[in-house]
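Colleague: Sharing a model that was predicted from the sequence below.
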Amino acid sequence: MYGWRCRIGVIVPSTNTAVESEFHRMAPRGVSVHAARMRATLVEEEALMRMNELAPEAALQLLDAEVDVLVYGCTGGSFIHTSNLHGSLGISRAADQTPLVLTFDAVLQALHALAATKIILATPYPEALTCLEERALEEAGFSVLSSCKLGISKPTDVGRLHHVDAYRLAKKASVSGAEAIFISCTDFPTIEIIDLLEQDTGLPVVTSNQAAFWLALRRCGIGDSLSGFGKLLREVTSEEGNF
């Protein structure tokens, strides 16, 4: 039997090629990962809103597999009209009260758990979406000291990036006074460089997939210390905050 400790269901944009691979790589023994997809087009606000309308059906598919937690595996889609997304997915899971993790909420909780309020933001997004994310972070009480973006609007181009691109982008955005680095986007390959980036900058690093997976495990009552994926998964063994 797979997933004898925990079955994580992740709702993924149809173009995403990173989140499943990174979740599988981070999964400790006894934890399985299962995915359902939403049709995606562009990395833009209106396209993400249209994609969100497909999330309830994907959630129902995962509930058929009796997953223990649902993860909405898209950062942009989860900081745009978050309240509407909570409501629509809430309807889908009302029957059995399966816990729901939205990626952006997980990032906020991870930053709080690391006691980081002054952050560096690195994204592959176009300028408009990066600005929306900066605003969402600031509305949540964080100070974005610096941000750097790649300006990519075609989703599959994000998935073709190398983890070295994430490392270089985050280093480019680095400024003094920051307390953490946040690399956004579940389709941006990042987990291979988290430890190295923390070593080279002296700052904790939060990425979309790492934070979402961390919170999903904690919602399932799994507090394993996992090496190789940054301070968050190695040292923070319980949830903090309430998102």
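Modeller: Looks like it came in fine. Numbering: from 1, shown residues only.

Colleague: which intervals of this structure have sub-threshold pLDDT?
Modeller: 42-45, 47, 81-96, 238-243 (pLDDT under 70).

Colleague: dump the residue contacts of the residue nearest to the spatial centre of it.
Modeller: Per CA atoms, centre = their mean, the C-alpha nearest to the average position across the chain is that of Ser208, at 2.6 Å. Contact analysis of Ser208 by CB atoms under 8 Å, 6 or more residues apart in numbering lists Thr75, Thr103, Val107, Ile183, Ser184, Cys185, Thr186, Phe188, Thr190. (Glycine included, C-beta is placed from N, CA and C.)

Colleague: Out of the residues you listed, flag the one nearest to Leu233.
Modeller: Nearest to Leu233 among the contacts of Ser208, counting by CB to CB, is Thr190 at 12.6 Å.

Colleague: can you give me the strands for this protein?
Modeller: 6-13, 31-38, 69-72, 100-102, 118-123, 143-149, 180-183, 205-207 (DSSP state E).

Colleague: Does the second one pack against any helices or strands, and if so which?
Modeller: For strand 31-38, the packing partners by 3 or more CB pairs under 8 Å, 6 or more residues apart in numbering; DSSP states H and E come out as strand 6-13, helix 19-26, helix 55-64.

Colleague: for the last one, same thing?
Modeller: Contacting strand 205-207 under the criterion 3+ CB pairs under 8 Å, 6+ apart are the following elements: helix 103-113, strand 180-183, helix 194-201.

Colleague: Could you list the paired strands of the shortest one along with their orientation?
Modeller: In this case it means strand 180-183. strand 118-123 (parallel), strand 205-207 (parallel) (DSSP bridges).
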